Each structure stands twice: as C-alpha cells, then as structure tokens.
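**Q** make a model of this:
(one chain, ligands or ions: 1)
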Amino acid sequence: MRIDVVSIFPEYLEGLRLSLIGKAIDQGLLELGVHDLRAFTVDRHRTVDDTPYGGGAGMVMKAEPWALALERILDAAAAPGSLAPRDRLGEADEAAPADEAAAADAETADAVTAAGKPVLIVPSPAGPVFDQRTAEELAHADHLVFACGRYEGIDQRVLDWAQERFECRPMSIGDYVLNGGEVASMVMIEAVTRLIPGVIGNPESLAEESHEDGLLEYPIYTKPASWRGHEVPEVLLSGNHQAIARWRRDRRLERTAEVRPDLLARLDDLDRGDREALD
Ligand SMILES: COc1cccc(COC(=O)c2cn[nH]c2)c1
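**A** Here you go, the predicted structure:
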C-alpha cells in the first residue's frame, strides 16, 4: 500500500515513521509520502488560504495548490520513477531509498492503475464516522491519499474536481472539531495500516481486539498475581481454559453493556450463555 499525505504542517506526520509503521516502511510493506502543500503554491507569499465568498469568519484553503499537489501525487503513482525521490517537490521525505522507491513505485503504479482510482480521504467533521469496519475496508486499498484541511476547510471545488481522479471520502473520526486534519489522518493511518499483513508482529493479537467482533475487550492482568492488595481474578490462575474463556466473554459482554450499549444493540448472535451473563 502507498499512502500520501498533504499538509501545511508535514512535520506533524513524522510520528508515523516511528515504531511499527516505520518498520513496515523499512520492510517495504508500506510506502509513505508526505507533501508540504506550500510547495505547490504559485505566488511569492506561498498563499494557501483566502477569505470565504459569502462572508463569515475564518479563512478557506485555496483550490489551486491542492490541485497541483494531488496531480503530482497521481503522476508519481502512474509513472514510476518519474521523479527521483530527492527532487520530488513538496516531498518532505521519501520513505524508502531511491532504488527501492523506484522498484516499489513500479509495483505501486501497477497496483494503482490495475485497481482503479486512489482513495482521497479528507478528514472533516462533515463526514461519515470512521470505525473499525472502515479501517478494514481501507486496508485493502492500494493507494490512500490524505488531504489535511486547516482553517475553515478546503474550497469545495477541489473535491468536485477530484471526483473523476479519486474515490473521494470525507471522513470524520468523531463528533468534535480539530484545528486540522493531520491528527485525524494519523489516527486513520494507524488504524488501517496495522491491519495490513506483516505490519504488526502477531496477527493473533488482531483477532481478539475490541471492536473486532463488536464487543469491547476483557480486563487484562500480568505479574505479580498480588499487587498492592489487588489480586488477579482466581479463574485466570486456574489453568481451566474453558472457564477462562467463559469469564473473558462475560467480562466483555458486561463491559460493552455498561460502556457501549449501542454496540451491544448491533450484536445479533448472543447465545443463551451470553444472555445469562447480561441478566
Ligand atoms: C476539511 O477541513 C477541515 C477544517 C478544519 C478541521 C478539519 C479537521 O477535521 C476535523 O476537525 C475532524 C475530523 N473528524 N472529527 C473532526 C478539517
């Protein structure tokens, strides 16, 4: 998978190069391109915003720099090696060294052209809410492009213009307002990329996660068994795997019913034992 991010604060995204995602990049499982929107401005002051038509407070991000940045990303994906990484305008940093990037680009380019349009994700309060299902869906994409808005947002015509070149997806990460799309993009990139085979060490740990099957996670414990007067539940020390599995399932049901009854309502495959745990 290739991921490109466009932002006026490209350094914000550097956190993505740490830990697991950084390793996935080094292993060639993932390609990450971060682009500074200002590198695509066309005036001396590198202007990215202006006042809103129709009046109102705040500023709006101008369309042209976005179109130039998105076109550059499309060109790079469609013509591998078209731009040596070192001279890619607005590329804050190319994840892989030149030769690997070219090779990876070749692969990515085939994937992108074969699989159709890249997905353009625009973090915004005015989008459908991103959840684990969305993450699973996007984990299959070959090319994700994140447009990090700031100010009051991006000129609507960018999204209208982008329709034929991208699958455009405004996306909210929750009902609150941020100052820009960078943090939201990192949330989504982390949730999506950890699902790509090989990115996180043990795929087993993906299977038993909160939201994976609609229930929240059970409480977890590690040594010592007795800590400051707090004991680990006996059943977990019993070695009785069936009892442990039942206890864990019961805790997940209880916790979900207490913290997220809305999730429980979505579940339709509770068995009799589950219902007893909830009564
Ligand atoms: C597209 O224009 C803008 C403008 C301002 C902020 C943002 C960032 O997104 C959010 O604020 C958000 C995303 N999910 N929940 C909140 C985007």
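**Q** ok and the residue in this protein nearest the ligand?
**A** Going by C-beta to the nearest ligand atom, the ligand is nearest to Gly149 of the chain, at 2.6 Å. Quick note: C-beta positions are derived from backbone N, CA and C, even for glycine.
**Q** what's the neighbour count on that residue?
**A** 24 (other C-beta atoms under 10 Å).
**Q** quick check: closest non-adjacent residue to it.
**A** Gly181 (4.8 Å; C-beta to C-beta, 6 or more residues apart in numbering).
**Q** which stretches in this protein count as strands?
**A** Along the chain, counting by DSSP state E, strands occupy 2-7, 31-36, 49-50, 60-61, 91-94, 119-123, 143-147, 167-171, 226-227, 230-231.
**Q** in a markdown table, list the ones you listed along with distance to the ligand.
**A** Shown next, in a markdown table, are these (distance: least, C-beta to the nearest ligand atom, whole Å):
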| stretch | distance to the ligand |
| --- | --- |
| strand 2-7 | 11 |
| strand 31-36 | 16 |
| strand 49-50 | 11 |
| strand 60-61 | 7 |
| strand 91-94 | 19 |
| strand 119-123 | 4 |
| strand 143-147 | 7 |
| strand 167-171 | 7 |
| strand 226-227 | 38 |
| strand 230-231 | 37 |
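**Q** which residues touch the residue nearest to Ala225 when sequence neighbours are not counted?
**A** In space, and not counting its chain neighbours, Ala225 is closest to Val232: 4.8 Å by C-beta to C-beta, 6+ apart. Neighbouring residues of Val232 by C-beta atoms under 8 Å, 6 or more residues apart in numbering: 221, 225-226.
**Q** the ligand contacts on the stretch 151-279 of the chain?
**A** 153-154, 172-174, 176-178, 180-181, 184 (C-beta under 6 Å from any ligand atom).
**Q** and the residue of the chain positioned farthest from its centre, how far from Leu236?
**A** Distance from the C-alpha centroid of the chain peaks at Gly229, with 40.3 Å (C-alpha atoms, centre = their mean). Gly229 sits 17 Å away from Leu236, going by C-beta to C-beta, to the nearest Å.
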